[in-house]
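Enquirer: here is my input; please provide its structure:
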Amino acid sequence: MSADDAADEAADDTSIVTGDETYTASVVGGTGFTGGELLRILSGHPDFEVVQATSRSADNMTVGRSHPNLRGLDLRFSDPDDLESVDVLFSATPHGVSMGQVDEYFEAADAVVDLSADFRLPAAELYDEWYDGHTSPEYLERAEYALPEINRENLPGADLIAGGGCNATATMLGLKPLVDAGALGPDSGEVVVDVKVGSSEGGAGGGAASSHPERSGVVRPYAPTGHRHEAEIEAYLGLDVSFTVHAVEMVRGASATCHVFPDEPVSKADLWQAYRGAYADEPFMRIVSGGGGVYRYPEPKAVAGTNYGEVGFELDPGNRRIVVFSAIDNMMKGSAGQAVHAANVALGLPETAGLEFQGLHPVGSP
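Expert: Next up, the predicted model:
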């Protein structure tokens, strides 16, 4: 190969370079809840150095002013128009921002990890159907879905990583073992999904519906039908589900209860085989299904602040209905933790790096 050919090949290679080194990182949109979680994880990550966090509203203010748990972090917010050159840029901005700024992001970084919905669906027509279209559809084929339990094989070397939605994440983690085992597919019986989520899902600027007086004591349906996360479940699991989301009095967490009606009867042994087969080697998955103690099934409180997901199941008498439970911290496994996990895989780092926190017990509101 000539030197010119080698240079052309290198120019065409859009994957990130991996190796034993420390990677510089920036967080765009650092004042939000997930931006704060990214800064918390990355500041303690053995292989990342956070060099920039951006915010228009908090320009030149300390990170600790927005995130009091990070008062010890010697970093000030800067203007997002002045991006520094880094290895990995994490974008924790609202939907619609990253798709308009992605060219600028790649001018500043070798890899981009986006936590919004901007690149998580694989085709532009899906954005026409579920969102308000897409202004940078040429990037959709390049993007890789961030959830390693779903898309690990495609993440190594990826330079555009798209974080999954927290409700879709909780649901897919619960149903994936049944899909893998052949118990669920496009022609299977109906799958009914009910998700309950904490107020942090609304973000730092969640508005009146997420204010404490309005949220207190509620079990409020806010997406009875047509939730956008249904598109992810269909795209990555091939399932068309009946999906409803409730807002409940909880700060952190997403809990999915899935009612599955398989075409053929299954046994409890079949279910254990399916779930153990899917998750025995997954570093962040726990099977919690009807054991002893108070927490006998997946519970958001038990994974608060962690990147762990819990899944469990129960079988109706007659073996014709499977009830699947799953629980995650929506800001960790459902957002910032998932993003860092995916970046670890992409860079060839230990998957658990920076994400080893096991949680606390007892805790108050999760």
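Enquirer: quick one, what contacts the closest residue to V179 other than its chain neighbours?
Expert: Nearest residue to V179 in three dimensions, chain neighbours excluded: L237, at 5.4 Å (C-beta to C-beta, 6 or more residues apart in numbering). The way it works is simple: take the backbone N, C-alpha and C, and place the C-beta from them, glycine included. For L237, the contact set (C-beta atoms under 8 Å, 6 or more residues apart in numbering) comprises 150, 172, 175-176, 179, 184.
Enquirer: go on, I233?
Expert: I233 neighbours (C-beta under 8 Å, 6+ apart): 168, 171-172, 175, 193, 239, 241, 243.
Enquirer: tell me the secondary structure for it?
Expert: Three-state secondary structure (criterion: DSSP: H, G, I helix; E, B strand; the rest coil) places I233 in helix.
Enquirer: pull out the buried positions in stretch 233-240.
Expert: Buried residues in stretch 233-240, defined by neighbour count with 16 or more other C-beta atoms under 10 Å: 233-237, 239.
Enquirer: before we move on, what about stretch 191-199?
Expert: Buried, per 16+ other C-beta under 10 Å, within stretch 191-199: 191, 193-199.
Enquirer: do stretch 48-60 as well
Expert: 48, 50, 52-55, 58.
Enquirer: the domain parsing of this protein - what is it?
Expert: 3-163+333-347, 167-330 (automatic domain parsing).
Enquirer: now for the ones you listed, which one comes closest to L355?
Expert: Of all the domains of the chain, domain 167-330 sits nearest to L355, with 4.4 Å by C-beta to C-beta.
Enquirer: may I have the distance across the closest one, first residue to last?
Expert: 8 Å (C-alpha to C-alpha, to the nearest Å).
Enquirer: now it: how far from the chain's centre is it?
Expert: Relative to the centre of its chain, domain 167-330 is centred 14 Å away, using C-alpha atoms, centre = their mean, to the nearest Å.
Enquirer: for that domain, give the mean pLDDT please.
Expert: For domain 167-330, mean pLDDT rounds to 91.
Enquirer: thinking again about what came up before, so how far is D263 from the residue nearest to V179?
Expert: Here L237 is placed at a distance of 17 Å from D263 (C-beta to C-beta, to the nearest Å).
Enquirer: for P221, same thing?
Expert: From P221 to D263 the distance is 29 Å (C-beta to C-beta).
Enquirer: cool, A58 as well?
Expert: Computed as C-beta to C-beta, the A58 to D263 distance reads 54 Å.
Enquirer: all helices for this protein, in order.
Expert: With helices called from DSSP state H, the chain shows them at 3-12, 33-43, 63-66, 97-108, 124-130, 148-151, 166-180, 212-215, 230-237, 268-279, 300-303, 337-347.
Enquirer: please name every helix or strand in contact with the last one.
Expert: What it means is helix 337-347. Where contact means 3 or more C-beta pairs under 8 Å, 6 or more residues apart in numbering; DSSP states H and E, helix 337-347 is packed against helix 33-43, strand 86-91, strand 109-114, helix 148-151, strand 160-162.
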